[in-house]
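J.: Just a sequence and a predicted model for now, questions to come.
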Amino acid sequence: MSARLMRVQDEERRRVARELHDSTAQSLAGLMMNMNQLSRMLQKSDPKILATLAESRSLADESIREIRTISYLLHPPLLEDAGLASAMRWFIEGFGNRSGIPVKLVMPPRMPRLAGELELALFRIAQEGLTNVHHHSGSKSARVEIAVTSSQVTLQISDKGKGLPADVAKPGGGISKTSGVGIASMRERVKDLGGTLEFHSSPNGTTVRAVLPLVKR
């Protein structure tokens, strides 16, 4: 039941991302074009009008960028089109820019394409793990490592923060006020694919390690 619910949630994310990109972002882009045209028509108008118009254009442009970012985070098209490696690079670069936390990404130089459900699970686990680093750990840096063998893929997320609550870090740990449902979601994704999820935590940092059996694409 939990696996089916997670798949439904992923499909809903895909639908919302498509609507944001194809409808809302396009409407804002049309609004931006109209304001650009007004700006050219009103070049000799009152400076206050031009200043208000310029501010409106700036706000619309910022809204377009934010909606596109939200759309990509909900369902990154790179994941389907170019694979996990490209999607992970894009996400980690954006995460570093938004959070101010530099993230070191280590992957095989020629990262192979994996089964779609496996790539999606790895991306979501990394996304959730780094979100926890940002919101809860207090760490000033993080590291994401992906390793692939003939039988399994391993994802490891580590930081140098204050560590996890003891009830969360232990196997089968519950949901705490600080961790929310994110860690439970990570556990469900790993369980659904027959893998293992481990947390190694201390006051000097946390390492999250997910090991998933390799499913042929």
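T.: Here it is on my side, so go on.
J.: Buried residues, whatever helix or strand Lys191 lives in. List them.
T.: Secondary structure from DSSP states H and E places Lys191 in helix 182-192. Of the residues in helix 182-192, Gly182, Ile183, Ala184, Ser185, Met186, Arg187, Glu188, Arg189, Val190, Asp192 count as buried by neighbour count, 16 or more other Cβ atoms under 10 Å. Backbone N, C-alpha and C define where each C-beta goes, glycine included.
J.: for the helix ranked longest in the chain, which positions count as buried?
T.: With secondary structure taken from DSSP state H, the chain has its longest helix at helix 47-74. Neighbour counts over helix 47-74 (16+ other Cβ under 10 Å) mark Leu53, Arg57, Ala60, Ile64, Ile67, Arg68, Ser71, Tyr72, Leu74 as buried.
J.: Make TSV out of those and add pLDDT.
T.: Below are the buried residues of helix 47-74 laid out as TSV (pLDDT from 0 to 100):
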residue	pLDDT
Leu53	86
Arg57	84
Ala60	85
Ile64	80
Ile67	81
Arg68	75
Ser71	72
Tyr72	73
Leu74	76
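J.: any idea which of these is the one closest to Leu114?
T.: Nearest to Leu114 out of the buried residues of helix 47-74 is Tyr72 (Cβ to Cβ; 19.8 Å).
J.: Please pull out the lowest mean pLDDT helix or strand from the protein.
T.: helix 166-169 (a mean of 62; mean pLDDT, DSSP states H and E).
J.: Tell me, domain by domain, which residues of the chain belong where.
T.: Split into domains by automatic domain parsing, the chain comes to 2-74, 77-213.
J.: quick one: least confident of the buried residues of helix 182-192?
T.: Minimum pLDDT across these is recorded for Gly182, with 72.
J.: so where is this structure shaky, pLDDT-wise?
T.: Low-confidence segments of the chain (pLDDT under 70): 1-8, 10, 14, 17, 21-22, 166-181, 215-217.
J.: Do you have the helices of it handy? List them.
T.: Counting by DSSP H, the helices of the chain are 2-19, 25-41, 47-74, 77-81, 84-99, 116-132, 166-169, 182-192.
J.: To Val106, which of the ones you listed lies closest?
T.: Going by Cβ to Cβ, the one of the helices of the chain nearest Val106 is helix 84-99, 10.6 Å.
J.: packing partners for the closest one?
T.: In this structure, helix 84-99 makes packing contacts with helix 47-74, helix 77-81, strand 103-106, helix 116-132, strand 142-148, judged by 3 or more Cβ pairs under 8 Å, 6 or more residues apart in numbering; DSSP states H and E.
J.: Pull the residues that contact it.
T.: 69, 72-73, 76, 78-79, 101-103, 105, 107, 111, 113-114, 119, 122-123, 126-127, 130, 134, 144, 146 (Cβ atoms under 8 Å, 6 or more residues apart in numbering).
J.: Check stretch 123-139 too.
T.: By Cβ under 8 Å, 6+ apart, the list of residues contacting stretch 123-139 reads 73, 76, 79, 84, 87-88, 91-92, 95, 99, 101, 103, 142, 144, 155, 157, 159-164, 178-179, 182-183, 185-186, 189-190, 197, 205-206, 208, 210.
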